[in-house]
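>>> Structural data only, the sequence is not supplied:
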């Protein structure tokens with residue numbers, strides 16, 4: 001899994017709950033909705049492995065995105081600006097809480 005591209009994985013159920021909270025007061029506005037946590041795909045994979053009682057170092061190898069040839073180029077950091085979401089009083093649970101809800 002790549003260890004040099006950052007993103008904000010978010011549990012879909014948590015995301016939906018946040019959107020439902022926003023609709024009554026902000027139905028005509030645009031928000032970024034995500035967890036505050038920013039991780040690489042490698043870090044995310046390790047979190048999944050630990051939660052399901054696997055040893056990531058046995059199964060997951062960190063690589064650079066430059067090693068993946070033939071794919072469309074991606075930004076190195078796709079972190080969202082959550083300022084507006086927080087000003088609306090909404091914070092989503094973190095990655096581990098989202099994975100536990102999934103499990």
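The structure has been received and is ready for your questions. Nothing here was measured: the structure is a model prediction, and the numbers come from that model.

>>> Following the chain past the helix or strand of the chain with the lowest mean pLDDT, name the next helix or strand.
Of all helical and strand segments in the chain, the minimum by mean pLDDT, DSSP states H and E falls on helix 56-59, at a mean of 90. Downstream of helix 56-59, the next assigned helix or strand under DSSP states H and E is helix 83-87.

>>> Scan this structure for its longest helix.
For the chain, the helix with the greatest residue count under DSSP state H is helix 12-26.

>>> which outside residues touch it?
29, 31, 33-35, 85, 88, 90, 92-93, 97-98, 101 (CB atoms under 8 Å, 6 or more residues apart in numbering). The C-beta positions use only the backbone N, C-alpha and C, and glycine is treated the same way.

>>> Determine the set of other helices and strands touching the least confident helix or strand of the chain.
helix 41-51 (3 or more CB pairs under 8 Å, 6 or more residues apart in numbering; DSSP states H and E).

>>> End to end on stretch 64-73, go ahead and measure it.
13 Å (CA to CA, to the nearest Å).

>>> In that stretch, which residues are buried?
Within stretch 64-73, no residue is scored as buried using 16 or more other CB atoms under 10 Å.

>>> next one: stretch 87-96
For stretch 87-96, by 16+ other CB under 10 Å, it's 88, 90, 92, 93, 94, 95.

>>> Kindly report the same for stretch 20-28.
residue 22.

>>> Quick one: distance of it to the chain centre.
Remark: stretch 20-28 is offset 22 Å from the chain centroid, using CA atoms, centre = their mean, to the nearest Å.

>>> ditto for stretch 35-55
With CA atoms, centre = their mean, you get 10 Å for stretch 35-55.

>>> what sits up against that stretch?
1-11, 14, 56, 59-60, 62-63, 77, 79, 82, 91-96, 98-100, 103.

>>> List only buried entries from the residues you listed.
Counted by 16+ other CB under 10 Å, the contacts of stretch 35-55 give 2-3, 5-11, 14, 56, 60, 62, 82, 92-95, 98-99 as buried.

>>> quick one: residue 92 is in a strand?
No - Residue 92 is assigned coil when assessed by DSSP: H, G, I helix; E, B strand; the rest coil, not a strand.

>>> Many thanks, we can stop here.
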